[in-house]
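Engineer: Let's see this in three dimensions:
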Amino acid sequence: MTQDSRLKTLDLIRCSWAGTDPLYQKYHDEEWGKPVYDDQILFEFLILEGAQAGLSWITILRRRENYRKAFANFNVEKVAAFDEKDVEKLMNDAGIIRNKLKVNGAIANAKHFIGIQNEFGSFSKYLWQFMPGKEPLQNQINRMSDIPARTEISDAISKDMKKRGFKFFGTTICYAFMQATGMVNDHLLNCCAR
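Structural biologist: I've put the predicted structure just below:
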């Protein structure tokens with residue numbers, strides 16, 4: 001048996017939140033904590049994290065493809081142009097979370113997202129300016145209980161975005177967004193995705 005084949009047969013050590021669900025494990029291994037600079041992906045996570053408020057992430061992850069279809073493949077210009085007819089259609093879409101405040105919030109956030117792109121050149125430039133050295137934070141996490149729910153940086157981003165009119169983006173949602181988009185790496189030190 002070669003070293004490579006032995007590695008493939010070993011159980012990987014993951015952050016415990018990834019559990020045994022293959023969808024969750026794939027998200028954990030391939031996306032969570034990986035730096036994102038692409039505005040379309042950042043917009044996708046903005047929509048998904050807003051939808052997740054008060055729910056479990058796996059609930060949203062299982063509906064991700066439905067969100068992609070419902071929200072024009074996360075095309076920010078198209079979502080910003082959604083009107084009442086589109087809202088009605090979304091409210092009848094069983095594939096997403098049918099919460100009118102969240103749906104309207106996503107459309108409003110798309111408009112504010114474009115405003116930030118116009119002001120800063122990209123949403124990515126705006127976000128990453130909050131990070132020390134404009135680099136991801138590599139947190140040294142030994143136990144899941146060591147992971148914060150918010151930080152001073154998530155407070156600052158959330159406060160600035162709220163001032164700009166964003167909805168469903170409090171500091172806790174902001175920190176989850178930062179984890180999802182790799183602004184912070186909160187994988188445990190012994191995690192395979194570190």
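Engineer: Which residue ranges of the chain form helices?
Structural biologist: Using DSSP state H, the helices of the chain run over residues 3-9, 22-30, 39-52, 57-61, 64-70, 76-80, 84-91, 100-120, 123-128, 152-163, 171-180.
Engineer: Return the member of those helices having the minimum mean pLDDT.
Structural biologist: In terms of average pLDDT, helix 3-9 trails the rest of these, at a mean of 36.
Engineer: S122 and F43: what is the separation?
Structural biologist: From S122 across to F43, the span is 11 Å (CB to CB, to the nearest Å). For every residue, glycine as well, the C-beta is placed using N, CA and C.
Engineer: Out of the helices of the chain, which is closest to N142?
Structural biologist: Closest of the helices of the chain to N142 is helix 171-180, at 16.5 Å (criterion: CB to CB).
Engineer: tell me the contacts of the closest residue to A18 other than its chain neighbours?
Structural biologist: Among residues not flanking A18 along the chain, H28 sits closest, at 3.8 Å (CB to CB, 6 or more residues apart in numbering). Contact partners of H28, counting by CB atoms under 8 Å, 6 or more residues apart in numbering, are R14, C15, W17, A18, A193.
Engineer: do I97 as well
Structural biologist: So I97 contacts A51, L55, T59, I60, R63 (CB under 8 Å, 6+ apart).
Engineer: Read off the pLDDT value for it.
Structural biologist: On pLDDT, I97 comes in at 97.
Engineer: hang on, the earlier thing: as TSV, the helices of the chain with distance to N142 would be great.
Structural biologist: Formatted as TSV, the helices of the chain follow (distance: least, CB to CB, whole Å):
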stretch	distance to N142
helix 3-9	24
helix 22-30	17
helix 39-52	26
helix 57-61	22
helix 64-70	30
helix 76-80	38
helix 84-91	42
helix 100-120	35
helix 123-128	27
helix 152-163	21
helix 171-180	17
